[in-house]
Structures are given as structure tokens and as C-alpha cells.
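1. return atomic coordinates for the entry below.
(one chain, ligands or ions: 2)
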Amino acid sequence: MEVVGQTDLVVVRKWTVVIPVKRLGSAKTRLRGAVPADRHPELALAMVRDTVAAVLATPSVAGLVVVTDDPAVAVAVRRLGARVAPDPGDGLNGAMRHGADEVAGLATHRAVLTGDLPALRPEQLDEALGRVAGRAFVPDAAGTGTVLLAVPPGEPLRPLFGPHSARAHAGSGATALTGDWPGLRQDVDTAADLGTVLGLGAGRRTCELLRDLGLTAACTSAA
Ligand SMILES: Nc1nc2c(ncn2[C@@H]2O[C@H](COP(=O)(O)OP(=O)(O)OP(=O)(O)O)[C@@H](O)[C@H]2O)c(=O)[nH]1
Ligand SMILES: C=C(OP(=O)(O)O)C(=O)O
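-> Ligands and ions are numbered 1, 2, ... in the order given. You can find the predicted model right below:
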């Protein structure tokens, strides 16, 4: 844990964030058709890069582990400052458990995030992490899924991502955190979600790709 002090501000960088990322060739199948097929992997990667950039710009975040077997994802996220861990090949929850409990380690504050949050803002993630006391999760914008699951030191992650994961996480005793965090809560599973993040202000990489494709006129985000 690193404490960065200034005269009137102390920032405690205590969270290790973990993001699992599928191989780009099989990623975001429900989003297929939103952009031409040959640009689909680029879109999936742009969303990962925007998510990673926002996480690494969050003051309370000490480090980021991306769990992936995709070589292009590994190169891109390392360039942004993340560490990369290999995917154990045990699905989404296995990748999260590996990153959080084995790579980051039980002794740290850990938070897992999905890699499809291109409108994520550091201040929203900071505020959400600041509200974590005990094992806690942030439901997605629809209220049924989960975008973030966090645990304090000593506690195993016990991720239950998948269909209706908000209910599963609440049922397993995790506290639901809700706040005015539209960028954090808006994951992108469908073309409609992509339209929503453009309205919120998608990150630079996602927005530039969509502008290149003529799907948006302007990029409002500076991130
Ligand atoms: N490392 C790893 N990441 C995964 C795996 N399955 C899903 N993910 C990641 O988990 C996050 C949330 O997954 P989803 O939103 O379901 O994304 P997805 O599986 O690409 O989307 P669909 O194909 O539409 O289901 C994304 O960052 C995915 O890349 C897996 O088996 N291993
Ligand atoms: C993996 C999840 O959802 P989705 O794939 O619908 O984003 C989840 O919310 O647990």
C-alpha cells in the first residue's frame, strides 16, 4: 500500500484491481454486428484499453492485473501500466479468482472489474471503492449483473459472475453498493449499450474507433 502525501491531500493507493479479458476472437459475442465484423476485435480491445486507462488513473488504485491469454490484449495493457497474468482456463470466475486470490494475494485489498466499461471515470471508481466495507459489489446499470466485486484483506473473492450475478452476489452475503456512477455501472454487452456509453461519454479509444466508422460525430471524453 502506498501513501502519497501532499500538503492538503493524502491518497492511499490500496486497491489491486483485477480485470479478466477473454481472447478477442471470441469476445463480446452479443455485441457482434454493432460494427463491421473485421473491426469487432478492435472494438473489444478499445473498450478494454479505456477501462484499463481509467482504472490506472484512479487515485486509490495501487495496481492492476489483467488475466488474459490474448497476446494483443497483453501488449496493449502492459503498455498502459498493467501487469498480465495467464488465464487458468477455468472460465470467467476462475480467471477472477486466480487474479485476485493467487496473483494479487489474499493479503491485499482486491477488486475485480469487467473489461467492458469504456465510460468508466476514475472519480466514480474511487468513490465506489471508498464505500467498500467488507465483501461488496456494484450491480450493473440494468441491476441484474455485476460490474465490480471487492474484498478486504484475508477474505477470498468468491466470484459468482454470470447470468443474474447481482442476485447471486447478494445471496452470498456481499453488500450491494449503488451510487451515481453511470460510467462504472454501464457495461457494454449489446449495440444498445454501446449507444448508451456514447451518450455518457465513452473513453478516447472506443470513441475514436466509432468515429472512424462514422458511428458518432464527436468524442466528448478526454480520458
Ligand atoms: N480471462 C477471462 N476473461 C473472461 C472469460 N470469460 C469472460 N471474460 C471477461 O469477463 C468480462 C465480462 O464478460 P462478458 O461481459 O460476459 O463478456 P464476453 O464473455 O466477452 O461477452 P459475450 O460473448 O457476449 O458473453 C469481460 O472482460 C470478458 O472479456 C474467461 O474465460 N477468461
Ligand atoms: C458476467 C456478467 O454479465 P454480462 O456478461 O451480462 O455482462 C455478470 O454481470 O456477472
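
2. can you count the residues close to residue 108?
-> Residue 108 is flanked by 19 other residues according to other CB atoms under 10 Å. Every C-beta, even on glycine, is put in place using the N, C-alpha and C of the backbone.

3. now it. Nearest residue, chain neighbours left out?
-> residue 16 (4.9 Å; CB to CB, 6 or more residues apart in numbering).

4. show me what the helix or strand hosting that neighbour is packed against.
-> Assigned by DSSP states H and E, residue 16 falls within strand 15-21. In this structure, strand 15-21 makes packing contacts with helix 40-56, strand 61-68, helix 91-97, strand 109-113, judged by 3 or more CB pairs under 8 Å, 6 or more residues apart in numbering; DSSP states H and E.

5. which is the next helix or strand following the second one?
-> This points to strand 61-68. Scanning forward in sequence from strand 61-68, with DSSP H and E defining helices and strands, the next element found is helix 71-80.

6. so after that next one, what's the next helix or strand?
-> Counting by DSSP H and E, the next helix or strand C-terminal to helix 71-80 is strand 83-85.

7. need the contact partners of that following strand.
-> Contacts to strand 83-85, defined as CB atoms under 8 Å, 6 or more residues apart in numbering, come from residues 63, 64, 65, 66, 67, 68, 74, 77, 78, 98, 99, 103.

8. let's see 10 Å
-> The set of residues external to strand 83-85 that reach it, using CB atoms under 10 Å, 6 or more residues apart in numbering, is 16, 18, 20-21, 63-71, 73-78, 95, 98-99, 102-104.

9. what's around the residue in the chain that ligand 2 sits nearest to, how many residues?
-> Ligand 2 sits closest to residue 145 of the chain, with a gap of 2.4 Å, by CB to the nearest ligand atom. Around residue 145 there are 21 other residues, counting by other CB under 10 Å.

10. tell me if I'm right that it and residue 188 touch.
-> No. Proximity of residue 145 to residue 188 does not meet the contact threshold set by CB atoms under 10 Å, at 11.6 Å.

11. give me the number of residues near the closest residue to residue 146 other than its chain neighbours?
-> The spatially closest residue to residue 146, leaving aside those adjacent along the chain, is residue 165, at 4.3 Å (CB to CB, 6+ apart). When neighbours are counted by other CB under 10 Å, residue 165 registers 22.

12. need the pLDDT of residue 165.
-> At residue 165, the predicted lDDT confidence score is 98.

13. got it, and the one 10 residues further on?
-> According to the model's per-residue confidence, residue 175 sits at a pLDDT of 98.

14. does it have beta-bridge partners, and which?
-> Applying DSSP bridges to residue 175 gives these bridge partners: residue 136.
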